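**Q** return atomic coordinates for the entry below.
(one chain, ligands or ions: 1)
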Amino acid sequence: VTAEKAGFDHFMLKEIYEQPKAYRDTMMGRISEDGRKVVLKEIGMTLEQIQGIRKIQIVACGTAFHAGLVGKTVIESLARIPVETDVASEYRYRSPIITPDTLVIVVSQSGETADTLAALREAKRNGARVMAITNVVGSSVAREADDVIITQAGPEIAVASTKAYTSQLIAFYLLGLYLADKLETRDEKWIADVLTAMNQLPEQVESILDQAVVLKQVADSISKHSNLFFIGRGMDFAVAQEGSLKLKEISYIHSEAYAAGELKHGTLALIEDGIPVIALITQEELYEKTLSNIKEVKARGAHVLAVINAGHEGEVSKSVDEMFAIPRTLPLLAPALSVVPLQLIAYYASLALGHDVDKPRNLAKSVTVE
Ligand code: G6P
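**A** Residues are numbered from 1 along each chain as shown. Sure thing, here's the model as predicted:
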C-alpha cells in the first residue's frame, strides 16, 4: 500500500501533489502547436450547432458541482452564453426548462454518480445535447453523453476530491476558450494570452506546494476551533465553497462558505472574537469590495487568513492576521491556484485531529444509489 502512495502518507496528499501533472495531462493534445487555439476533437458539434446553443445547464454533485460553479463564470465570460448550475439531486425535481437548443454539461469524476446520471438521462429525454466532463473513460456518464471531455487526472482514490476538481477546472477553461473561438466572442490574441497563462499553472501549483509547511501551521490552529467561515466574491466565492466542503468532509469541523458581500445580511451576527475566517481575495475587479468585507469581520474580532495575489502583501497586511500569497495569474485562472492552499489546510486539519483522511466517516467515493 505504501508503494501505491508513492511515499506519501495518504492518497489525498499524493493526489494534491499530482495536480501539476494532472493540469499538464489535461491540456496535452488539446492546444494547437502554435499555442494559439484550443483543439477539442472530442466535441462532435458542428459550428452551426454551437452557434445554436441558447443556454447551458451545468449539473453535478459535490466537488464536481463546485467545479461547475467556476465553469459557469468561465463560459459566461468567454462565450457569452447564459449558464445555469444545478446540483443533480435537485435538477430533475424542479422541472428544468430543457429545450433542444440547451446544452447540458454533466461533471463527474467517477462518471457513475446516480443523481448525475439520472439528470443526464432527463436532459436527453427532453432533446438536449449532453456533454460530459469525466475522469473515467467508459463510465456510464461517458457512454451516454453526446460529447465527452476526459479529464486526465489519473485514478483518484481519496474520497475527498482534489486533482479531479482542478482537472475539471482546466477542462472548463479549455471549453470556454474553444467556444469563444468558435463564436468569435474573443479574438485570437486574447485566447493565446490565456493559453500562455494556463501553461504556467503547473509550475505555479508546484510553488504553492513548496509552502505546505506554512499551511500546516494554519491548519493546526484551525483544528482547535469548531466553527469557521470561508468568504469571497465572484469566483473566489465558488472556491470558498469547495474549500469549506473539503474541510467538512475530512476534518468534521463545521464551516460555512459565504459570498463576502452577503455577510451583512445575517451571517455577520455569528462573527465573534477569535473565530477563524479564511478570505479569498484574488479577483482584481472585486478587490476593494472584498477588502472592505474583510475589515467588517476583522472589526468584530475574527482571526483572518487571506489568500491573496502575490504583490498585494503590503496593502492587505494591515487588515488581516495572516496571508498566503498565490502566484500572479489571470483572474479567470486564479481558482486553479487558490484552491490548492485550501486543500492542504483541510488535509492537515484532518491529520491534526487524527481522522482517517482518505476514508472519512459516512462518505463514499462514488454514490451510485439515489
Ligand atoms: C461523492 C464523493 C464526492 C464527489 C461526489 C460526486 O459524494 O464523496 O467527493 O464530489 O460524490 O462524485 P462524482 O464522481 O460524480 O464527481
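**Q** output the contacting helices and strands for whichever strand or helix holds Thr85.
**A** Taking DSSP states H and E as the definition, one finds Thr85 inside strand 83-87. Contacts defined by 3 or more CB pairs under 8 Å, 6 or more residues apart in numbering; DSSP states H and E place strand 83-87 against strand 55-60, helix 62-79. Placement of C-beta: from N, CA and C, glycine included.
**Q** now distance to Val194, mean neighbour count and mean pLDDT too, for those, in JSON lines please.
**A** Below are the helices and strands packed on strand 83-87 laid out as JSON lines (distance: least, CB to CB, whole Å; neighbours: other CB atoms under 10 Å; pLDDT from 0 to 100):
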{"stretch": "strand 55-60", "distance to Val194": "19", "mean neighbour count": "25", "mean pLDDT": "98"}
{"stretch": "helix 62-79", "distance to Val194": "8", "mean neighbour count": "24", "mean pLDDT": "98"}
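**Q** now do the contacts for the residue positioned nearest the centre of the chain.
**A** Closest residue to the average C-alpha location of the chain: Ala67 at 3.9 Å, with CA atoms, centre = their mean. Residues in contact with Ala67 (CB atoms under 8 Å, 6 or more residues apart in numbering) are 60, 107, 133, 165, 168-169, 172, 242.
**Q** let me have those residues in a markdown table, extended by secondary structure.
**A** Putting the contacts of Ala67 into a markdown table (DSSP: H, G, I helix; E, B strand; the rest coil) gives the following:
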| residue | secondary structure |
| --- | --- |
| Ala60 | strand |
| Val107 | strand |
| Ile133 | strand |
| Tyr165 | helix |
| Gln168 | helix |
| Leu169 | helix |
| Phe172 | helix |
| Glu242 | helix |
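**Q** contact residues of this structure facing the ligand?
**A** 61-64, 108-110, 113, 116, 159, 161, 363-367 (CB under 6 Å from any ligand atom).
**Q** and the helix or strand that the strand holding Thr85 is followed by, how far from the chain's centre?
**A** Beyond strand 83-87 on the C-terminal side, the first helix or strand identified by DSSP H and E is helix 88-91. Relative to its chain's centre, helix 88-91 lies at 19 Å (CA atoms, centre = their mean, to the nearest Å).
**Q** where does Gly35 land in three-state SS?
**A** Gly35 ends up coil, using three-state DSSP.
**Q** now the chain, which segments are flagged as low pLDDT?
**A** Scanning the chain for pLDDT under 70 picks out the ranges 1-3.
**Q** got the contact list for whichever residue of it sits closest to the ligand?
**A** As assessed by CB to the nearest ligand atom, the ligand sits closest to Gly62 within the chain, at 2.7 Å. By CB under 8 Å, 6+ apart, the residues touching Gly62 are 161, 245.
**Q** could you rerun that using 10 Å?
**A** Applying CB atoms under 10 Å, 6 or more residues apart in numbering, we find Gly62 in contact with 87-88, 107-109, 113, 115-116, 160-161, 165, 242, 245, 249, 363, 367.
**Q** cool, Glu184 as well?
**A** Going by CB under 10 Å, 6+ apart, Glu184 touches 51, 79.
**Q** all strands of the stretch 101-250 of the chain, in order?
**A** Taking DSSP state E, counting those that start in this stretch as the test, the strands found in the stretch 101-250 of the chain are 102-108, 129-134, 147-150, 227-232.
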